[in-house]
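Colleague: Turn this into a model:
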Amino acid sequence: MTATEVLVTQDRRGAAKPPGRRRPTPHKGAIAIFTGPFSVLFLLFYLIPIGFAVWQSLLVVQREGLYGKPTEVFGGLAQYALVFQNAPFWESVWRVLLFGVVQVPVMLGLALLFALLLDSPALKGKKFFRLAFFAPYAVPGVIAAIMWGFLYSPNLSPFTDVTQVVDFLSPQLVLWSIANVVTWVYVGYNMLIIYSALLAIPSEVYEAARLDGAGQVRIAWSIKIPMVAPALVLTAVFSIIGTLQLLAEPQVFRSFSAAVSSTYTPNMTIYATSAIPNPNLAAAFSVVLAVATFVLSFTFLKITQRKAEQ
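Modeller: Numbers count the residues shown, from 1 in each chain. Model (predicted):
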């Protein structure tokens with residue numbers, strides 16, 4: 001065997017490799033160029049505002065005398081003590097939690113149902129229904145709230161026979177009227193996320209299920225829903241965050257119903273407090289709300305991960 005044949009044989013076996021060849025590493029300058037714009041925007045419009053809000057929440061306003069010039073001084077946790085003593089704020093928190101416990105499952109259930117219908121081979125005109133389900137999301141939340149507010153109003157609604165019997169803007173029903181608006185707007189958005197996950201399921205899985213004699217309902221229950229569980233978790237986290245940040249719809253409904261006060265939701269409380277103006281207390285409200293949102297979202301993720309591992 002010649003030396004060339006020996007080298008070729010060793011190279012094939014992996015015993016000897018040509019020296020000096022290394023896996024190319026990405027250039028650090030290129031990484032900085034591509035990530036730099038995002039990092040700058042993330043710093044300017046996310047991290048710095050959060051840090052400024054936390055700093056503002058630690059300040060208090062002091063005056064020299066009754067008409068003295070106001071000055072901001074470090075007050076420690078004084079603003080947070082006022083937050084935990086503010087009954088309207090915590091009433092608004094419990095209100096949106098009740099809102100989320102009912103509205104989020106209904107919205108995600110409808111989104112899952114519509115996604116399964118679009119993925120079903122029995123449905124005709126899928127392009128039309130996909131557009132019809134998603135179209136409400138293209139309507140801005142403020143416009144949707146105004147539109148539904150007119151439909152709910154006893155004197156303005158074209159369905160006066162219904163609105164004069166059932167007062168959708170009463171203190172007992174206005175929260176669920178707002179929930180209907182939010183559901184109408186965001187069902188299509190969540191449906192697209194779930195539908196995209198359904199499209200990613202390999203067709204071989206369905207073929208194997210059909211060979212075993214499974215029908216469309218059985219396939220949907222035993223295959224499709226379990227395999228889109230990560231998408232359902234994602235949409236649930238988005239919905240939890242959106243629930244605690246509810247603002248536009250109840251703010252619009254204030255002009256239709258006296259039952260919606262300026263502190264009806266946590267964000268409305270923050271907005272009203274900053275308009276007094278009391279930016280330091282509003283910043284403390286914001287920090288507490290952000291922490292509560294993080295805790296709820298993180299807890300929900302941990303619970304779903306443990307159930308998935310089991």
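
Colleague: in the stretch 101-250 of the chain, which spans are helices?
Modeller: Assigned by DSSP state H, counting those that start in this stretch, the stretch 101-250 of the chain shows helices spanning 126-134, 141-152, 160-163, 174-199, 203-211, 216-219, 225-227, 229-244, 248-253.

Colleague: Out of those, the one nearest L296 is which?
Modeller: Of all the helices of the stretch 101-250 of the chain, it is helix 229-244 that lies closest to L296, at 5.6 Å by CB to CB. Just so you know, the C-beta spots here come from the backbone N, C-alpha and C atoms, and that holds for glycine as well.

Colleague: Which residues does that closest one contact?
Modeller: For helix 229-244, the surrounding residues in contact (CB atoms under 8 Å, 6 or more residues apart in numbering) are 93, 96-97, 99-100, 103-104, 107-108, 111-112, 182, 186, 190, 193-194, 196-197, 266, 289, 292-293, 296-297, 300-301, 304, 308.

Colleague: before we move on, what about stretch 302-310?
Modeller: For stretch 302-310, contacts defined as CB under 8 Å, 6+ apart pick out A229, V233, A236.

Colleague: I'd like the residues you listed as CSV, with pLDDT, distance to M147 and neighbour count appended.
Modeller: What follows is the contacts of stretch 302-310, written out as CSV (pLDDT from 0 to 100; distance: CB to CB, whole Å; neighbours: other CB atoms under 10 Å):
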residue, pLDDT, distance to M147, neighbour count
A229, 92, 34, 13
V233, 93, 31, 17
A236, 94, 27, 20
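
Colleague: Now do the strands in the chain.
Modeller: All strands of the chain, identified by DSSP state E, fall at 59-62, 71-74.

Colleague: and those, which is most packed in?
Modeller: strand 59-62 (a mean of 15; mean count of other CB atoms under 10 Å).

Colleague: now it: how far from the chain's centre is it?
Modeller: Offset of strand 59-62 from its chain centre (CA atoms, centre = their mean, to the nearest Å): 34 Å.

Colleague: in its sheet, what does that strand sit against?
Modeller: strand 71-74 (antiparallel) (DSSP bridges).

Colleague: any idea how far the closest residue in space to A290 that isn't next to it in sequence is from E91?
Modeller: Distances taken as CB to CB, 6 or more residues apart in numbering place I50 nearest to A290, at 7.8 Å, with adjacent residues excluded. For I50, the distance to E91 (CB to CB, to the nearest Å) stands at 26 Å.

Colleague: And V162, by the same measure?
Modeller: According to CB to CB, V162 stands 30 Å off from E91.

Colleague: L173 now?
Modeller: 18 Å.

Colleague: residue ranges with poor pLDDT in the stretch 51-200 of the chain?
Modeller: For the stretch 51-200 of the chain, the stretches with pLDDT under 70 are 65-68.

Colleague: repeat that with 80
Modeller: For the stretch 51-200 of the chain, the stretches with pLDDT under 80 are 63-70.

Colleague: what do you get for the stretch 201-310 of the chain?
Modeller: For the stretch 201-310 of the chain, applying pLDDT under 80 flags the ranges 308-310.

Colleague: Now with 70, please.
Modeller: Nowhere does the stretch 201-310 of the chain drop to pLDDT under 70.

Colleague: quick revisit: can you say which of the strands of the chain is nearest to I146?
Modeller: I146 lies closest to strand 59-62 among the strands of the chain, at 36.8 Å (CB to CB).

Colleague: related to what we said a few turns ago, which one of the contacts of stretch 302-310 is nearest to S153?
Modeller: The shortest gap between S153 and any of these belongs to A236, at 32.7 Å (CB to CB).

Colleague: how near is the closest one to V187?
Modeller: Using CB to CB, we find A236 at a distance of 14 Å from V187.

Colleague: again, but for F129
Modeller: Between F129 and V187 the computed distance is 13 Å (CB to CB).

Colleague: what's A248 in contact with, if anything?
Modeller: Contacts here follow CB under 8 Å, 6+ apart; on that basis A248 touches G141, V142, A145.

Colleague: The last one: neighbouring residues, count only.
Modeller: So the one you mean is A145. A count of nearby residues for A145, using other CB atoms under 10 Å, gives 24.

Colleague: residues in contact with it?
Modeller: With contact taken as CB under 8 Å, 6+ apart, A145 is in contact with I178, V181, A248, E249, Q251, V252, F253.

Colleague: Kindly recompute the last result at 10 Å.
Modeller: Contact partners of A145, counting by CB atoms under 10 Å, 6 or more residues apart in numbering, are 139, 177-178, 181-182, 185, 248-253, 255-256.

Colleague: No further questions, thank you.
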